[in-house]
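Student: Pasted the sequence and its predicted model underneath.
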Amino acid sequence: MKSFHKSATTFSKVQYCIFHHQKFSDHRRFSDQFSASQSHRTIPLDPKEIALQVSNCANLNQLRQVFARIIRTHFLQFYPDSFHYNNISRIYTRLNSPTESLHVYIAMCRAGVQPDNFTLPIVLKAAGQNLNRTFAEQVHGVSIKYGLENDMYCESGLISVYSKAGLFNCARKVFVNSTDRKLGSWNAIIGGLSQGGRSKEAIDMFQSMMRDGFRPDDVTMVSVTSACGSLGDFNLAVQLHKCVFQAKNPERSDLLMMNSVIDMYGKCGIMDLACKAFVAMEDKNVSSWTSMIVGYATHGHFKNALEFFRKMVESGVRPNHVTFVGVLTACVHGGMVQEGRYYFETMKIGYGIKPVLPHYGCMVDLLGRAGLMEEAKVMVEEMPMRANVVIWGCLMGACEKYGDVKTGEWVAKHLIEMEPENDGVYVALSNIYASHGLWDEVERLRGVMKENKLAKIPAYSLP
C-alpha cells in the first residue's frame, strides 16, 4: 500500500509534471487561454440552462460551441463548482474525445476547484480511452490526496485503466487493498483480465467472487463468457450459461449478455447451442447475427454462415465490417472464389464499407488456395496498407501447395525482411525448389540457414 500513498511533496511533483511536462504542453496552452479568458467578467448565465445544454450535446461540434460560449461569458468564474467541470468533461468522454475531457480537468485543477468523487471516475475513463498510463498514475495520486481511493467508482476506474494500460500488478494492488470491495471492483478486475488476454486468471477471479458471496450481473457475465470463449472450454461454457440465466434482470436488456453467450459457444465450436441461444432471443442486433456467421465460418460450416448472412440481410439488419470478415472466411473454407469476389465488392459498393487488413487477408487466402497466384499478388500489391506476416504466410503456403517458384521467391523476400529469424520461410521455399528438382537452390538455402544459425524446430505433440 505504501507504493500508492504519496506524500504532499510527491503530489506537488505530480502536479508539476502535469503542467510542465512536454507531453502535456497542449493542456497548458489550453489552460492558459482558459484562465486569460476569465479575466473579464460579464453577466452570468443561468447554470441550469448551461448544464442542460451541455448534457444535450449530441456531437462534438455542438459541445465545442457550448463550451466556447461558457469560456466567452466567464461562466465558470461565476460558478466555480466541480459539477459544471464534471458535466463538460463527462460529455467529452461520452463523445469519444478523451483529450478534450482531460483538458477540462486540467483547467479545473488550475482554477483551484477541488475534484470530488464524480470527477475522478470521469477522468479515469478518459485516460483509459487514450491509454494514458502516466495520467492514470497521476490521478491515482490525486485520489489518495483527497481520500477518494476507496470510493467504489474511483476504485473500479483505477482497476480498469491500469488493466487497459497493461499494468495488471497495479490493478491487482488496488483491488487487493480495497477495504470495502463492491461488485463494481470485481467486474473491473475480471473485465480487465479478460480483455487483457488473461482468460484463465479472469475465470479464477470469477470463482473467487462467487465464493465471497457476490452475485454476478450482466457486466460480469459478458467478461466471463468472453474469457471462456478464448479458452474454448465446453464444460465451463455450459455452466456459465446457467449463471447467465441467474444474472438476468427483467428491468434491463439482456442483449449484450446473450450476444456474449452466442460468441462463447461459437468460439468453443458448439454451434448447435449457439443457434438455440440465438433463436431464443427476443431482440437481435448486428452483433447477434455476426456472432453466428463468424462462429459457423470459423469452424468450416460455410453454407450455414452464408445462409445466416442471407437471412440477416432479409431481416433488414445492416452488416458491419466484422460481418464481412465472417462471410469472406466462409468463402475461404468453401473454396468459393466467385462468391468471395461478389461479397468483397458488395461490401465496398453496396454498403460503403472500406476494406481493412482482415478483409484483404481473406481474399488473398481465398485466391491463393484456388491457385490464382497472379491475382493474389496483385491484391497484395494494390492494398492501401502494408501486408502483415499472416497475409504473406497465407500466400507462401499457396506457393508451396502449387509449386510457384517465382511468386514464392517474391513472398519469401518480404517475409525474411519482416522475420529474419523465421526458419519456416526457408523450409517452405526449399520445398518449392525441391518439387521442381532445383537441388542446387535447396543446398544454397541450407547453407544460408547454417550461416544464420537457423534450425528447423522439431515437431511435438501436446499432452
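Tutor: Perfect, thanks for sending it.

Student: got a list of contacts for the helix or strand hosting Val238?
Tutor: Per DSSP states H and E: Val238 is located in helix 234-247. Helix 234-247 has contacts (CB atoms under 8 Å, 6 or more residues apart in numbering) with 203, 215-218, 220-221, 224-225, 228-229, 257-258, 261, 264-265, 268-270, 273, 277. Where you see a C-beta, it was placed from the backbone N, CA and C, and this is true even at glycine.

Student: Kindly report the same for stretch 304-316.
Tutor: Contact with stretch 304-316 is made by 271, 284, 286, 289, 292-294, 296-297, 319, 323, 326-327, 329-331, 334, 339, as judged by CB under 8 Å, 6+ apart.

Student: Mind listing what's buried along that stretch?
Tutor: Of all the residues in stretch 304-316, those buried under the rule 16 or more other CB atoms under 10 Å are Asn304, Ala305, Leu306, Phe308, Phe309, Met312, Val313.

Student: Which parts of the stretch 51-200 of the chain are strands?
Tutor: Assigned by DSSP state E, counting those that start in this stretch, the stretch 51-200 of the chain shows no strands.

Student: shouldn't Leu415 be in contact with Trp392?
Tutor: Yes - counting by CB atoms under 8 Å, Leu415 does reach Trp392; the two are 4.9 Å apart.

Student: still on that earlier bit, can you select the buried ones from the contacts of helix 234-247 in PyMOL?
Tutor: Restricted to buried positions by 16+ other CB under 10 Å, the PyMOL selection for the contacts of helix 234-247 reads:
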select buried, resi 203+216+217+218+220+221+224+225+228+229+257+258+261+264+265+268+270+273+277
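
Student: ok so, going back, got the CA coordinates for the helix holding Val238 in PDB?
Tutor: What follows is helix 234-247, C-alpha atoms only, in PDB (Å, rounded to 0.1, in the frame of the first residue of the first chain):
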ATOM      1  CA  PHE A 234     -17.000 -26.600 -23.500                       C
ATOM      2  CA  ASN A 235     -17.900 -27.800 -20.000                       C
ATOM      3  CA  LEU A 236     -17.300 -24.400 -18.500                       C
ATOM      4  CA  ALA A 237     -19.400 -22.700 -21.200                       C
ATOM      5  CA  VAL A 238     -22.500 -24.800 -20.300                       C
ATOM      6  CA  GLN A 239     -22.000 -24.000 -16.600                       C
ATOM      7  CA  LEU A 240     -21.700 -20.300 -17.300                       C
ATOM      8  CA  HIS A 241     -24.800 -20.300 -19.400                       C
ATOM      9  CA  LYS A 242     -26.700 -21.300 -16.200                       C
ATOM     10  CA  CYS A 243     -25.100 -18.300 -14.400                       C
ATOM     11  CA  VAL A 244     -26.300 -16.100 -17.300                       C
ATOM     12  CA  PHE A 245     -29.900 -17.100 -16.600                       C
ATOM     13  CA  GLN A 246     -29.400 -16.200 -12.900                       C
ATOM     14  CA  ALA A 247     -27.900 -12.900 -13.800                       C
END
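
Student: Which positions in it come out as buried?
Tutor: The neighbour-count check on helix 234-247 (16+ other CB under 10 Å) flags Leu236, Ala237, Leu240, His241, Cys243, Val244, Ala247 as buried.

Student: can I get the residues you listed in TSV with distance to Arg172 and pLDDT?
Tutor: Shown next, in TSV, are those (distance: CB to CB, whole Å; pLDDT from 0 to 100):
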residue	distance to Arg172	pLDDT
Leu236	23	94
Ala237	26	94
Leu240	23	94
His241	28	93
Cys243	24	91
Val244	26	91
Ala247	24	87
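
Student: between those, which is nearest Gln195?
Tutor: Leu240 (17.0 Å; CB to CB).

Student: how close does that closest one get to Arg133?
Tutor: With distances taken as CB to CB, to the nearest Å, Leu240 is found 32 Å from Arg133.

Student: same deal with Gln53?
Tutor: Using CB to CB, Gln53 is found at 34 Å from Arg133.
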